[in-house]
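Colleague: here's a sequence, model it:
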Amino acid sequence: MTTHKTAIATALTSAALAVTIPMANATSVETPLLPDSGQSVQYDTNGDVLAASDSSFYTGQDASIQGNAPRYLDNGDGTVTDLNTGLMWQKAHDYTGRNMAETVEHVEEMTLAGHTDWRVPTIKELYSLANFDGELLKPEDGGESKPYINTDYFEHEYDKRLPFAGQFWSSTTYVKNGVQTYTQHGGLQGAFGFNFSDGHIKSYETGLYIDGTEIADSDGIMVPGCFVRAVRGTTTLYDMDYVDNSDGTVTDQSTNLMWAKADSGQKMDWVDALEYADKADLAGYSDWRLPNVKELQSLVDYEKTTFPAINTEFFTTSVTKFESMEDAYYVWTSTTQGDFKWTAAYVAFGQAWSKKNSDATEYFDWHGAGAQRSDPKSGNPADYELASDMASDYISIENWVRLVRDAK
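Modeller: Below you'll find the model as predicted:
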């Protein structure tokens, strides 16, 4: 399944597989497939397009690996079926921000295309739609922004005032602790969402405290609200059906991926991580690679109430305490982050540390274990800042690696 390809070949392959296939409103497939990230271009550490070469820096990047190209069917009735997962989706961008309770009520009352069994997707289901050829451009940069979703099939509208505000709810609540640093009623309840405008997973305030008390306007706590794209049907793709192969590897029979049981044992920047994966020889296999964002996110155990957010009955972790940023358990992916192409995406299996703004000094678990953020590909953390008007992420640069390969 794994072959090297150029950006042009990727685009052609994706286009060929994304044709309309006559299939009546499918909501299940016999063998669901994990969709590829959709990234078709490779970038260097400065964010410039990288020319093809034989180096591991080229062959190990997301865009050089052919996965299961996204395949969709527009059913012509306001719904789209994902032919890889079997899930049926709402085509429209429901451009109304709601808290979690309002969102659930809205979706439960939906009647779309004659179906009444619509629901809020889990974060893994929602992330399956992500397309990492997306990029959100500043007006001064010129060009046109491209959402992190296939707009040939799905509608997306940017907020004209806050174009980065494209967050969509999942039904996956954050169960390891409260988000931010509030302590009232046990802290703030968070639930994960994916931002189809800027390409990140994070935990958003649901509108409730952890004990179920509703956040009142007088509490002075901002509940930003998220959009929703409803889903129906089921899939076994994210069952996390693991088999320990007793040779230092674990196979997930749900995704047909084989993983290294242990992480890299040391942290490294992204360039070294690509080389580490390219040279890896484990259990007699030499075709290991860095996972792309969707592959790595498939390992996250969002229901586990303790850190790390991975099944430790099957996987071992070098980090065993999770108390501060120095314990950050960020794991590299092979995927460049489209908004900041000098960064690559990672998944946080421990706290996802951030602070209020660049001037603040206190970091806290704002985004949640299972969040997907990005780090500069190389260099010194002091030379970078990943901040917005509302948050400033902790910059690590040297992160962990967990190898993956296709199970045959």
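Colleague: show me where the stretch 301-408 of the chain dips below the pLDDT cut-off.
Modeller: The stretch 301-408 of the chain contains residues with pLDDT under 70 at 386-390.
Colleague: over to the chain?
Modeller: Ranges of the chain meeting pLDDT under 70: 1-28, 140, 386-390.
Colleague: my guess is residue 252 contacts residue 259, does it?
Modeller: Yes: at 6.8 Å, residue 252 counts as touching residue 259 under the criterion of CB atoms under 8 Å. C-beta: built from backbone N, CA, C; applies to glycine.
Colleague: out of the two, which sits in the more crowded spot?
Modeller: The neighbour count for residue 252 versus residue 259, taken as other CB atoms under 10 Å, is higher for residue 259 (27 against 24).
Colleague: residues that sit against both of residue 252 and residue 259, list them.
Modeller: Taking CB atoms under 8 Å, 6 or more residues apart in numbering as the contact rule, residue 252 and residue 259 both touch residue 299.
Colleague: burial check on the residue lying closest to residue 83 once chain neighbours are set aside, number of neighbours?
Modeller: Sequence neighbours aside, residue 71 is the residue nearest to residue 83 in space, at 4.0 Å (criterion: CB to CB, 6 or more residues apart in numbering). The tally of other residues near residue 71 (other CB under 10 Å) stands at 20.
Colleague: wait, residue 71 sits on residue 84?
Modeller: Yes: contact status for residue 71 versus residue 84: in contact at 5.7 Å, counting by CB under 8 Å.
Colleague: residues contacting residue 114?
Modeller: Counting by CB under 8 Å, 6+ apart, residue 114 touches residue 77.
Colleague: could you do the one 10 residues further on as well?
Modeller: When contacts are counted by CB under 8 Å, 6+ apart, residue 124 is found next to 172, 237, 238, 297, 298, 300, 302.
Colleague: how far away is the fifth one from residue 67?
Modeller: Distance check for residue 298 against residue 67: by CB to CB, to the nearest Å, it reads 12 Å.
Colleague: over to the fourth one?
Modeller: As judged by CB to CB, residue 297 and residue 67 stand 13 Å apart.
Colleague: out of those two, which sits in the busier spot?
Modeller: For residue 297 and residue 67, the more surrounded residue by other CB under 10 Å is residue 297, and the numbers stand at 26 against 20.
Colleague: correct me if wrong: that one contacts residue 201.
Modeller: Yes: here residue 297 lies in contact with residue 201, judged by CB under 8 Å, at a distance of 7.3 Å.
Colleague: mind listing the shared neighbours of those two?
Modeller: Common neighbours of residue 297 and residue 201 are listed as 127, 370, 372 (criterion: CB under 8 Å, 6+ apart).
Colleague: nearest to residue 187 among these?
Modeller: residue 370 (17.2 Å; CB to CB).
Colleague: report the contact partners of the closest one.
Modeller: 123, 172, 174, 192, 201, 203, 297, 300, 302, 309, 347-349, 352.
Colleague: mind listing which of those are in strands?
Modeller: Among those, the ones falling in strands (DSSP state E) are 172, 192, 201, 203, 347, 348.
Colleague: what bridges to the fourth one?
Modeller: Looking back up the chat, that one is residue 203. With DSSP bridges as the criterion, residue 203 is bridged to residue 192.
Colleague: pretty sure it contacts residue 191?
Modeller: Yes: Residue 203 lies in contact with residue 191 (CB under 8 Å); the separation is 6.6 Å.
Colleague: neighbour-wise, which of the two wins?
Modeller: Comparing residue 203 with residue 191 by other CB under 10 Å, the one with more neighbours is residue 203, at 28 against 25.
Colleague: what is the neighbour count of residue 266?
Modeller: Residues lying near residue 266 (other CB under 10 Å) number 11.
Colleague: assign a three-state SS to it, would you?
Modeller: Residue 266 falls in the coil class when you classify it by DSSP: H, G, I helix; E, B strand; the rest coil.
Colleague: residue ranges of the helices in this protein, please?
Modeller: Secondary structure of the chain (DSSP state H): helices located at 7-17, 56-59, 100-108, 123-127, 270-279, 293-297.
Colleague: go through the shared contacts of residue 297 and residue 201 and name the one nearest residue 233.
Modeller: residue 127 (16.2 Å).
Colleague: that closest one: neighbour count?
Modeller: Residue 127: 23 neighbours (other CB under 10 Å).
Colleague: isn't it up against residue 297?
Modeller: Yes: counting by CB under 8 Å, residue 127 does reach residue 297; the two are 5.7 Å apart.
Colleague: so how far is residue 83 from residue 30?
Modeller: 12 Å.
Colleague: so those two - more neighbours on which side?
Modeller: Neighbour tally, residue 30 and residue 83, criterion other CB under 10 Å: the higher count belongs to residue 83, 21 against 6.
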